[in-house]
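Undergrad: turn this into a model:
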Amino acid sequence: MGLKTCWQIQCGIHSSKIGAAQIIRTLLSDIILDPGSIVEQEIGKRQYISAFFTDRQMAHNTFNIVKNLKVKGMRVRFAIIKSQDILKTQKINKPIDLSNSFFVVTDLNKAIQERVGKTPIKILSQMAFGTGAHETTRFMVQLIEKCRGRLPSFFDVGTGSGILAIVASKCGAQRIYALDNDSNCIQAARMNFRVNDTVNVRLIGSPLYKFKENIQFDFVAANLVTDELLSNKEVICRHVKKGGYLAVSGIGLEHLMRFKKNFCKLPFRCLKIYKGKKWAALLYKRTR
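TA: From the prediction side, this is the model:
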């Protein structure tokens, strides 16, 4: 799917109005039928739910429906996002090999040269971390690939460009949550989901500590830095099902022993360790 001009409807509401936010989210989901086109963000004490449309008339009709809900304190905004605003951020690079099954292309203006036995992942570069050039991203992709077919539900903590969620979808994940606290990352991930036809994603703009939903996943991926992983380890691990997998990366080699020592206290068994020039990644399985 190529990039097109799209129309955005953004609903802002106080975070305490959980019921109203749920009504708006459900309404937009019923209209769009594509969770990847709905973005949720929490900024201060307000929650923002945005929907993106490629059909102008549908966008206008939905805007009028949402306005007529007359929710107290809700602000509704309508905006146009042109494709050139996204394309101008691209950097032309050669394709990047991620794993045995995937490679990345970042120049969407050129025809993709297929690689035998490999699936292309289209990423708009320079908008967020995760183009495949960094070894931590490649490690994570390879760990997800190892669990192909065993990750029906997937949680991407710190999604960045959304590349891991896209790979997970292509490896069989049916229910995907992608979370990031950076608004640029949320925008980048949403566009990358669109150009890769990744429709089974719920995209959430929030810090991890504010993600209060009591959900467990078959596979949790967290490509952060060492101290972030350690300070959030209980929260991250709580979202892994018994028998499920946890992949972590962004661990500097000089911090690897400290990281392993901290993680050995949790109910996880280490299955795999990848070491690169500067970074390490680990795959765990939850034992209880």
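Undergrad: where along the stretch 101-250 of the chain do the helices fall?
TA: In the stretch 101-250 of the chain, the helices defined using DSSP state H, counting those that start in this stretch lie at 135-146, 163-170, 183-195, 226-231, 233-238.
Undergrad: which of those helices is buried the deepest?
TA: helix 163-170 (a mean of 28; mean count of other C-beta atoms under 10 Å). In short, each C-beta sits where N, CA and C put it, glycine included.
Undergrad: which helices and strands sit right next to that one?
TA: Under the contact criterion of 3 or more C-beta pairs under 8 Å, 6 or more residues apart in numbering; DSSP states H and E, helix 163-170 touches strand 102-105, strand 119-122, helix 135-146, strand 153-157, strand 175-180, helix 183-195, strand 217-223.
Undergrad: how close does Ser183 sit to Asn64?
TA: 26 Å (C-beta to C-beta, to the nearest Å).
Undergrad: next, Arg75: phi, psi?
TA: For Arg75, the backbone dihedrals (degrees, to the nearest 10) come out as phi -110, psi 130.
Undergrad: for it, name its beta-bridge partners.
TA: In this entry, Arg75 is beta-bridged to Gly12, by DSSP bridges.
Undergrad: is it true that it touches His14?
TA: No - in this structure Arg75 lies outside contact range of His14 using C-beta atoms under 8 Å: 10.3 Å.
Undergrad: so for those two, which sits in the more crowded spot?
TA: Higher neighbour count among Arg75 and His14: His14, with 16 against 11, using other C-beta atoms under 10 Å.
Undergrad: and the more buried one, how far from Lys45?
TA: Distance, His14 to Lys45, using C-beta to C-beta: 6 Å.
Undergrad: show me how the chain divides into domains.
TA: Domain ranges of the chain: 6-85, 89-286, per automatic domain parsing.
Undergrad: from these, which stretch is densest packed?
TA: domain 89-286 (a mean of 19).
Undergrad: and it, what's its mean pLDDT?
TA: Domain 89-286 carries an average pLDDT of 89.
Undergrad: and stretch 57-74, by the same measure?
TA: For stretch 57-74, mean pLDDT rounds to 87.
Undergrad: gap between that stretch and the chain center?
TA: In terms of C-alpha atoms, centre = their mean, to the nearest Å, the centre of stretch 57-74 is set 27 Å apart from its chain centre.
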